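S.K.: Attaching a predicted model along with its sequence, questions to come.
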Amino acid sequence: MMKMINAVINGHNVTIAFDKDSIHIYNGYFIKDDLKLRGYRFDPENKSWFINPSDPEKELEFLKNNLNEPEDPGLMESSFGETGEKELSSEFPSSFSIPELRSRINRVIQENFSGSIWVRGIIASEVKSYKWYSYFDLKDENKESSIYFKVELNKKNLEKIEKKLIKTGVADRLEKDLPVFCRMEVKIPTTNLVDIRLNMTDILPEYTQSKIKNQREITVERLKEENIFLNQKELILPKLLTKIALITSEQGTSIKDIIAGLSPYENKYDFYFLDSRMEGATAVESLVGSIDFIESFNDIKFDAVIIARGGGSEQSLSVFNDYSLCKKICMFKLPVITAIGHEKDLSAIELCSHITPVPSTPSGVGKFLNNRFYYMQNELSENISSIFSFFNTMQKSELEKVYSFMRHIPVIGGNLITLKKERLVFRIKKYGDHILSSIRENYRNIEKRVLSLLKKDLFLIKKNVEKTGISGMKLIERSKALRKREMSILRRSFERIDFKKREKENTMVLEKVGTGTEKIFAEALKKLTNSQKEIFLKKEIITANDPEKVLKKGFTLTVDQENRVISSINEFRKREVKILKFFDGSAEIEEKERK
């Protein structure tokens, strides 16, 4: 009957079954090359590697020593002849067979690197995992160096290391570009190819964490030195956001989280989605490409840009500490809202963006937009109420001015008409005085002319009498005839001055002035009446739209304890205190439990 034991050969867990004639090794895939060299063959039925040694106990002892050196010359047919002596003649220099050389090198390594050592570097390749072992390349932290080691670790150590990474939140697993500080064992693998490898047994996650944080601090310091770190803070976020570009991955849950946080205002914003890689080697290039696309896209004028990513390890979020990406954000002309990872996560892109809501998660961004719209709606309602109140006050003030003006119109009109009449009478009197003065002046001139003519005629008469000797009677008669002729001329001159005609003209002027004044006064009263009707009409329209008038018609207004209008059922359910406002008072609404 065969006995079963569990053993570790060259770092691999195997099961050994043996009896006095044979040895069977199960799960020996990873050490199959060494087993072949010792003469083991594969049994497909049992799925084991078996051998029929001459001394099973000695073979088992050899297996316990991890196959370091061949101890049974009888199993190494390529090195020994039938007699057990070396086939090489003594005339050749001393030498090593390939297994002996491998064994000697392995012994030197074990002597100089006894136990384990700590090694730091960066994972340079994807981690390839198989059933029992995983493999990757480890390169130097200096990017210019091309030296790397091949690293292997068994399944048990891999699980232990990844648990440490997850517990500290540094990374979810070992992955490419992850900086590591780990415990290694230097060894030669048991494969046909002889090379030196590192066997990873443990890790210090704190080193990786410090490297990631150091990258964030370096990026922030560079942006500050270039005086562009606060560029985004100086931009102005529009009061009313309508068109928002959303940069995230379609494979993540960020979109759903944002929409959930926005409820019930998810339809108040227009989102334009741009799919982008949010982790991995190509993430920075993908994010910068999305920003470049928004800059060059002129069909839509965006109000802001949101960059959102759900939670993850510090390593997966380290892309948002990249200098080139953060510089692109700082130089961007639109406000950038960021929400990266969990609340505890802090990246350089969040520090240099325009705003990072609290909590700084995709659902937090949705809540931020929700609150922004809610408060803007309440502010608008309060402004409308203030406008109504201000308009009512202004209306009352203006109406009072109109009424006051209307009360003074008769007095002002009467005074104006009296003044006009007084001015007209004064002008008519002045005009009459001027006419009388002209008539008197003309009369005096005519009288002077008559006297002058009489003197002239007397002189001529006296001269003629002296010459002709005509009698005095004839002279008197002649003088009378001449006087009569002169009076006739004077009469005709007075007849030319038609006082009745002048009086008639004056009367016509007075009638025209009176008619014009009446027309002006009538036109003024007509315009005043029309203005009064228009004012009354506007007053009726304003009164009809007065909120108090609306309330008097039977309508009510629902508000909260801060007098904010409740316009939807969702807001009604959220408010702890609900008040119903009537035109003559208000009452608090009490909700009863539904059965």
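M.R.: Received the coordinates, thanks. Residues are numbered from 1 along each chain as shown.

S.K.: what's the weakest-modelled helix or strand in this protein?
M.R.: Lowest on mean pLDDT, DSSP states H and E among the helices and strands of the chain sits helix 472-496, with a mean of 63.

S.K.: What's the separation between Y403 and I105?
M.R.: 115 Å (CB to CB, to the nearest Å). Glycine gets a C-beta too; all of them are placed from N, C-alpha and C.

S.K.: just A587 next, same as before
M.R.: The gap separating A587 from I105 is 95 Å, by CB to CB.

S.K.: now do V577
M.R.: Taking CB to CB, one finds V577 at 84 Å from I105.

S.K.: who has more neighbours, those two?
M.R.: Using other CB atoms under 10 Å, the more surrounded residue of V577 and I105 is I105, with 14 against 10.

S.K.: packing partners for the one helix or strand F572 maps to?
M.R.: Using DSSP states H and E, F572 maps to helix 569-574. Contacting helix 569-574 under the criterion 3 or more CB pairs under 8 Å, 6 or more residues apart in numbering; DSSP states H and E is no other helix or strand.

S.K.: For whatever helix or strand comes next after that helix, which residues meet the burial criterion?
M.R.: On the C-terminal side of helix 569-574, the closest following helix or strand by DSSP H and E is strand 579-582. Of all the residues in strand 579-582, those buried under the rule 16 or more other CB atoms under 10 Å are 579, 581.

S.K.: following strand 579-582, which helix or strand comes up?
M.R.: Sequence-wise, the next helix or strand downstream of strand 579-582 (DSSP H and E) is strand 585-588.

S.K.: who does that following strand pair up with?
M.R.: Strand 585-588 sits in its sheet next to strand 579-582 (antiparallel), going by DSSP bridges.

S.K.: mean confidence for the partner strand?
M.R.: Averaging pLDDT along strand 579-582 yields 79.

S.K.: Can you list the neighbours in contact with it?
M.R.: When contacts are defined by CB atoms under 8 Å, 6 or more residues apart in numbering, strand 579-582 is touched by residues 551, 556-561, 586-589.

S.K.: Low-confidence ranges, the stretch 151-300 of the chain, go.
M.R.: 190-192 (pLDDT under 70).

S.K.: That one: helices as residue ranges?
M.R.: Here the stretch 151-300 of the chain has its helices, by DSSP state H, counting those that start in this stretch, at 155-168, 205-225, 254-262, 283-296.

S.K.: nearest to N142, of these?
M.R.: With CB to CB, the closest approach to N142 among those belongs to helix 205-225: 13.6 Å.

S.K.: That closest one vs helix 155-168, what angle?
M.R.: With axes from the mean of the first three to the mean of the last three CA atoms, to 10 degrees applied, the angle from helix 205-225 to helix 155-168 works out at 40 degrees.

S.K.: So which other helices or strands are in contact with helix 205-225?
M.R.: helix 155-168, strand 179-187, helix 314-317, helix 323-330, helix 348-352.

S.K.: So E343 versus M278, what's the distance?
M.R.: 18 Å.

S.K.: Let me know how buried the closest residue to R222 other than its chain neighbours is, in neighbour terms.
M.R.: Sequence neighbours aside, Y323 is the residue nearest to R222 in space, at 5.8 Å (criterion: CB to CB, 6 or more residues apart in numbering). By the criterion of other CB under 10 Å, Y323 has 15 neighbours.

S.K.: Y323 against E221, yeah?
M.R.: No: taking contacts as CB atoms under 8 Å, Y323 lies outside contact range of E221: 10.1 Å.

S.K.: helices and strands around the longest helix belonging to the chain, which ones?
M.R.: For the chain, the helix with the greatest residue count under DSSP state H is helix 362-468. Helices and strands touching helix 362-468, by 3+ CB pairs under 8 Å, 6+ apart, are helix 254-262, strand 304-309, strand 336-340, helix 472-496, helix 499-544.

S.K.: And K139, its phi and psi?
M.R.: Dihedral pair for K139: phi -110, psi 170, per degrees, to the nearest 10.

S.K.: show me what contacts it?
M.R.: Residues near K139 by CB under 8 Å, 6+ apart: 121-124, 145-148.

S.K.: can you rerun that using 6 Å?
M.R.: 121-122, 124, 148 (CB atoms under 6 Å, 6 or more residues apart in numbering).

S.K.: Of those residues, which belong to strands?
M.R.: Among those, the members found in strands (DSSP state E) are 121-122, 148.

S.K.: export these to a markdown table and tack on pLDDT and distance to M184?
M.R.: As requested, those are exported to a markdown table (pLDDT from 0 to 100; distance: CB to CB, whole Å):
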| residue | pLDDT | distance to M184 |
| --- | --- | --- |
| G121 | 88 | 10 |
| I122 | 86 | 14 |
| Y148 | 87 | 13 |
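
S.K.: Now flag whichever of those is closest to T338.
M.R.: Nearest to T338 among those, with distances taken as CB to CB, is I122, at 26.9 Å.

S.K.: The closest one pairs with what?
M.R.: Counting by DSSP bridges, I122 is bridged to K139, P179.

S.K.: what's the burial count for it?
M.R.: Around I122 there are 19 residues (other CB under 10 Å).

S.K.: ok, back up a step: what would the helices of the stretch 151-300 of the chain look like in JSON lines with mean neighbour count?
M.R.: Output for the helices of the stretch 151-300 of the chain, formatted as JSON lines (neighbours: other CB atoms under 10 Å):
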{"stretch": "helix 155-168", "mean neighbour count": "15"}
{"stretch": "helix 205-225", "mean neighbour count": "16"}
{"stretch": "helix 254-262", "mean neighbour count": "20"}
{"stretch": "helix 283-296", "mean neighbour count": "16"}
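
S.K.: Turn these into JSON lines, including distance to I566.
M.R.: Converted to JSON lines, the helices of the stretch 151-300 of the chain look like this (distance: least, CB to CB, whole Å):
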{"stretch": "helix 155-168", "distance to I566": "47"}
{"stretch": "helix 205-225", "distance to I566": "45"}
{"stretch": "helix 254-262", "distance to I566": "19"}
{"stretch": "helix 283-296", "distance to I566": "38"}
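
S.K.: re earlier: how distant is the helix holding F572 from the center of its chain?
M.R.: Helix 569-574 sits 27 Å away from the centroid of its parent chain (CA atoms, centre = their mean, to the nearest Å).

S.K.: could you pull out the strands for the stretch 51-200 of the chain?
M.R.: Along the stretch 51-200 of the chain, counting by DSSP state E, counting those that start in this stretch, strands occupy 117-123, 128-129, 133-139, 148-154, 179-187, 197-203.

S.K.: can you tell which of those is closest to N415?
M.R.: strand 179-187 (98.5 Å).

S.K.: CA-only coordinates of that closest one in CSV, if you can.
M.R.: Provided in CSV are the C-alpha atoms of strand 179-187 (Å, rounded to 0.1, in the frame of the first residue of the first chain):
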residue,chain,number,x,y,z
PRO,A,179,6.5,51.3,-7.9
VAL,A,180,7.3,48.6,-5.3
PHE,A,181,9.5,48.0,-2.4
CYS,A,182,9.6,44.2,-1.9
ARG,A,183,11.4,41.3,-0.2
MET,A,184,13.2,39.0,-2.7
GLU,A,185,15.1,35.8,-2.7
VAL,A,186,17.8,35.4,-5.4
LYS,A,187,17.7,32.0,-7.1
